[in-house]
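Enquirer: Below is the sequence, then the predicted model.
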Amino acid sequence: MIAELGNLALMLALCLALVQGVMPIVGSYRADQRWMRLARPAAAGQLVLLTLAFGALAWSFVQNDFSLAYVAGNSNSMLPLHFRIAATWGGHEGSLLLWVEMLALWTFAVACLSRQLPDVMVARVLGVLGLVSVGFLCFMLFTSNPFERLLPAAVDGRDLNPLLQDFGMIVHPPMLYMGYVGFSVAFAFAIAALMGGQLDAAWARWSRPWTLVAWVFLTLGIFMGSYWAYYELGWGGWWFWDAVENASFMPWLVGSALVHSLAVTEKRGSFKNWTVLLAIIAFSLSLLGTFLVRSGVLTSVHAFATDPRRGLFILIFLALVIGGSLLLYAWRAPKVGSGGKFGMLSRESLLLVNNVLLLAAAGTVLLGTLYPLFLDALSLGKISVGPPYFEAVFVPLMLPVLVLLAVGPFLRWKDAPLNELLHRLRWIALGTLLFAVAIQLWLSPTPMVLVGVACAFWICVGTASHMLERLRHVAPGTSAWQRLRRQPLSYWGMLAAHAGIGVFVVGVTLVKGMETANDVSMQVGDTTHAGSHVFRFSALAPVQGPNYSGTEGTFEVTRDGQLVATLRAQKRVYKAQGMPMTEAAIDRGFTRDLYVSLGEETAPGVWVVRVQHKPFVGWIWAGCLIMSAGGLLAAGDKRYRMAASHRRLAAGPALAASEQPAQA
């Protein structure tokens, strides 16, 4: 009964999505207020129905309803309750339902928080989101229905993939999908603006906070996925350049460019066409990631589907969305003015270079991800494109971006004298040079480590210097606290995001260049080294869990004869599938992690053990969190919460013209 209710809710949600996707857009061209006003109730109804369907599926997992094929394939009666709930999105069909649920949440949020916007714009934005929802609901109902019955019902389930039986995978997919789907809002605003032929500062101001929030969620989702891989997969890596990881990283890169481009469009009226194109590309890459994960073309712990019908459906949907968007762009873009002019040396020109580099970096990742797939599809052989390629082509593109991060805030809009810029940067450059010399004399690092830490120092000192300089010139005579309060949240957000990148670069550089690892065969009583730490295999004992059994090894870590940590690593075997899993033991510190993982037992009492010393690895994820905090601060800026009358006054006349069908 619950499954039938969920299935009915999906079908009704599809009907409402069709209403939301068609009637408001048609009404916007006919100037029919009744049709345009259908968008908000249709969005609310979709959210209710999809939440009902999602709840029905979750309840089926809680109740161990193995008459549903999806539940039988992704759960087990021994699975703990919290993992049974998380298993709702642990496979292909459920993750797709989570996707449309997130899309409904974003759509409802836009419907509720856009009452100050012109009705024509709201109708078109919600209409575009409705059409996107139609595509995904059709995909789910016709090829990936999570409520499909299994006859006869299974006695018990196959179990959730043991890799996914972890708290990180409870939180990681919702965060990642909120970011993925969030770019559909930026896409919808861009398409709505193209429909009306009105790309101006008001449109950029409406779109930017939504884009920032989507970027924050995607940043957090990537951070959680990286952290999960680090402690769960058992060998201590934090980024694998896996094709599915790349599928989330590419929209993040383009989304970063979009956030900066929207700032230029909002403040200077420039980059209009460029901004719209970035919004289309960011969402298109999100859809491409969906195709990669769900079409069966990839084999990955993250990839779900293996049905060719699903891949064909998504490919057709991808072609319709991208092709239709680019056709509309090609038609409308030439009619849009280029906006404000700017000099060769200005903040606009620097942001343009930044965006080109980010887009080029996304292109290199796209090439490395898809090239092996094309070769395989054409029967030209199988190749693997791994870290050597990505580090050779991606890192050189990122180095100029890191340098420009500190320079950008010091440049004026429109035009900036070169001698003034050099004067403002001279002490930062000198300090960075002295810092690099000191690091070279102290640590004698590799050239890449030296360049990395110097770039991080340049970014952080440049960010702090700009803050102090700005505060010094704001309201002289007032207290420091008053000067701090006078700065907009978007400024603090920019500083935090840039500083977060500096912290991230420190972590990446030092862990890549200075980590030590040792793979050895050990038995109880043996010792080994990693860096200046000694690891002693002190005990071995059996362990039992709710749905697994295993062995736990205890390791005592000392340095200079002093006990630093006691680590307990496990080797588990999950009962339902008989799948072995490594549970690493980690002692986390501010400047280093100590990492132990237990491998296979090669002889009675003899185990393969991997011990690692990873300097500053925690700074990678600290940097991601600081970047995310910066994005949230920027999204909360008061200019995005202006009174309705002010926004209507700014945008009303222009959008009124776009309502005329003859001019559309």
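Expert: On my side now, so go ahead. Numbers count the residues shown, from 1 in each chain.

Enquirer: show me what contacts the closest residue to Gly589 other than its chain neighbours?
Expert: Counting by Cβ to Cβ, 6 or more residues apart in numbering, Gly589 lies nearest to Gly618, which is 7.6 Å off, once chain neighbours are set aside. Using the backbone N, CA and C atoms, a C-beta is placed for each residue, glycine as well. Going by Cβ atoms under 8 Å, 6 or more residues apart in numbering, Gly618 touches Gly507, Arg588, Gly589, Phe590, Asp593.

Enquirer: what's the helix or strand for the fourth one?
Expert: The reference is to Phe590. For Phe590, there is no enclosing helix or strand under DSSP states H and E.

Enquirer: Any chance of the backbone angles for it?
Expert: phi -70, psi -40 (degrees, to the nearest 10).

Enquirer: do the same with Gln577
Expert: Torsion angles, degrees, to the nearest 10, at Gln577: phi -110, psi -10.

Enquirer: Now do the strands for this protein: every range, in order, please.
Expert: 516-522, 527-530, 533-544, 548-559, 562-574, 579-583, 585-588, 592-603, 606-615 (DSSP state E).

Enquirer: Quick check: which of those is nearest to Ser349?
Expert: strand 606-615 (37.8 Å; Cβ to Cβ).

Enquirer: Could you figure out how far the closest one is turned away from strand 562-574?
Expert: Orientation note: strand 606-615 sits at an angle of 120 degrees relative to strand 562-574 (axes from the mean of the first three to the mean of the last three Cα atoms, to 10 degrees).

Enquirer: Which strands or helices does strand 606-615 pack on?
Expert: Counting contacts by 3 or more Cβ pairs under 8 Å, 6 or more residues apart in numbering; DSSP states H and E, strand 606-615 packs against helix 489-514, strand 516-522, strand 527-530, strand 533-544, strand 548-559, strand 592-603.

Enquirer: okay if I get these as TSV plus distance to Phe317, mean neighbour count and mean pLDDT?
Expert: Shown next, in TSV, are those (distance: least, Cβ to Cβ, whole Å; neighbours: other Cβ atoms under 10 Å; pLDDT from 0 to 100):
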stretch	distance to Phe317	mean neighbour count	mean pLDDT
helix 489-514	33	22	94
strand 516-522	44	15	94
strand 527-530	49	17	94
strand 533-544	46	16	94
strand 548-559	39	18	94
strand 592-603	41	19	93
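
Enquirer: Mind checking these for the one nearest to Arg124?
Expert: Using Cβ to Cβ, the helices and strands packed on strand 606-615 put helix 489-514 closest to Arg124, at 26.4 Å.

Enquirer: Show me what that closest one is packed up against.
Expert: Using 3+ Cβ pairs under 8 Å, 6+ apart, helix 489-514 is in contact with helix 387-407, helix 447-472, strand 606-615, helix 618-635.

Enquirer: And the first one, what's buried?
Expert: The neighbour-count check on helix 387-407 (16 or more other Cβ atoms under 10 Å) flags Tyr389, Phe390, Val393, Phe394, Leu397, Met398, Val401, Leu402, Leu404, Leu405, Ala406, Val407 as buried.

Enquirer: if I look at the third one, how far off is Ala584?
Expert: In other words, Val393. 31 Å (Cβ to Cβ, to the nearest Å).

Enquirer: Same question for the last one.
Expert: As for Val407, its distance to Ala584 is 41 Å (criterion: Cβ to Cβ).

Enquirer: same check, this time on the fifth one
Expert: Taking Cβ to Cβ as the measure, Leu397 falls 33 Å from Ala584.

Enquirer: Tell me which of the helices and strands packed on helix 489-514 lies nearest to Asp159.
Expert: Closest approach to Asp159 among the helices and strands packed on helix 489-514 (Cβ to Cβ): strand 606-615, 25.6 Å.

Enquirer: And for the residue nearest the centre of the chain, nearest residue in space, chain neighbours not counted?
Expert: Nearest residue to the geometric centre of the chain (Cα atoms, centre = their mean): Leu218, 2.3 Å. The spatially closest residue to Leu218, leaving aside those adjacent along the chain, is Gly179, at 2.6 Å (Cβ to Cβ, 6+ apart).

Enquirer: these two touch, right, the one you found and Gly225?
Expert: No - Gly179 lies out of contact with Gly225 (Cβ atoms under 8 Å); the separation is 11.0 Å.

Enquirer: which residues are in contact with both of the two?
Expert: Joint contacts of Gly179 and Gly225 (Cβ under 8 Å, 6+ apart) are Ser248.

Enquirer: low-confidence ranges in the stretch 251-400 of the chain?
Expert: 294-307, 336-340 (pLDDT under 70).

Enquirer: neighbours around Tyr230, how many?
Expert: 24 (other Cβ atoms under 10 Å).

Enquirer: can you pull the pLDDT of it?
Expert: If you check Tyr230, the pLDDT there is 92.

Enquirer: Kindly reformat the helices and strands packed on helix 489-514 as JSON lines containing distance to Gly94.
Expert: JSON lines is the format used below for the helices and strands packed on helix 489-514 (distance: least, Cβ to Cβ, whole Å):
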{"stretch": "helix 387-407", "distance to Gly94": "31"}
{"stretch": "helix 447-472", "distance to Gly94": "40"}
{"stretch": "strand 606-615", "distance to Gly94": "34"}
{"stretch": "helix 618-635", "distance to Gly94": "26"}
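
Enquirer: which one of the ones you listed lies closest to Leu52?
Expert: helix 618-635 (29.9 Å).

Enquirer: gap between that closest one and the chain center?
Expert: Put simply, helix 618-635 sits 12 Å off its chain's centre (Cα atoms, centre = their mean, to the nearest Å).

Enquirer: Now for the residue nearest to Leu160 when sequence neighbours are not counted, how many residues are close by?
Expert: Leaving aside its sequence neighbours, Leu160 sits nearest to Ala87 (Cβ to Cβ, 6+ apart; 4.6 Å). The tally of other residues near Ala87 (other Cβ under 10 Å) stands at 29.

Enquirer: mind checking how far Ala87 is from Leu358?
Expert: 36 Å.

Enquirer: OK, contacts around the residue nearest to Ala622 when sequence neighbours are not counted?
Expert: Of all residues not flanking Ala622 in the chain, Val503 sits nearest, at 5.6 Å (Cβ to Cβ, 6+ apart). By Cβ under 8 Å, 6+ apart, the contact set of Val503 is Ala456, Cys460, Trp619, Ala622, Gly623, Ile626.

Enquirer: Give me the distance between the two termini of stretch 134-151.
Expert: 29 Å (Cα to Cα, to the nearest Å).

Enquirer: any idea of the mean pLDDT in it?
Expert: Stretch 134-151 comes out at a mean pLDDT of 91.

Enquirer: and if you look at stretch 2-11?
Expert: 91.

Enquirer: Now it: buried residues?
Expert: Ile2, Ala3, Gly6, Asn7, Ala9, Leu10.

Enquirer: okay, those in CSV with distance to Pro308 next?
Expert: Shown next, in CSV, are these (distance: Cβ to Cβ, whole Å):
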residue, distance to Pro308
Ile2, 31
Ala3, 26
Gly6, 26
Asn7, 24
Ala9, 28
Leu10, 23
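
Enquirer: Among the residues you listed, which are located in helices?
Expert: Ile2, Ala3, Gly6, Asn7, Ala9, Leu10 (DSSP state H).

Enquirer: From the residues you listed, pick the one nearest Phe136.
Expert: So of these, ranked by how close each gets to Phe136 (Cβ to Cβ), first place is Leu10, at 10.7 Å.

Enquirer: how near is the residue nearest to the centre of the chain to Leu105?
Expert: The spacing between Leu218 and Leu105, counted by Cβ to Cβ, is 15 Å.
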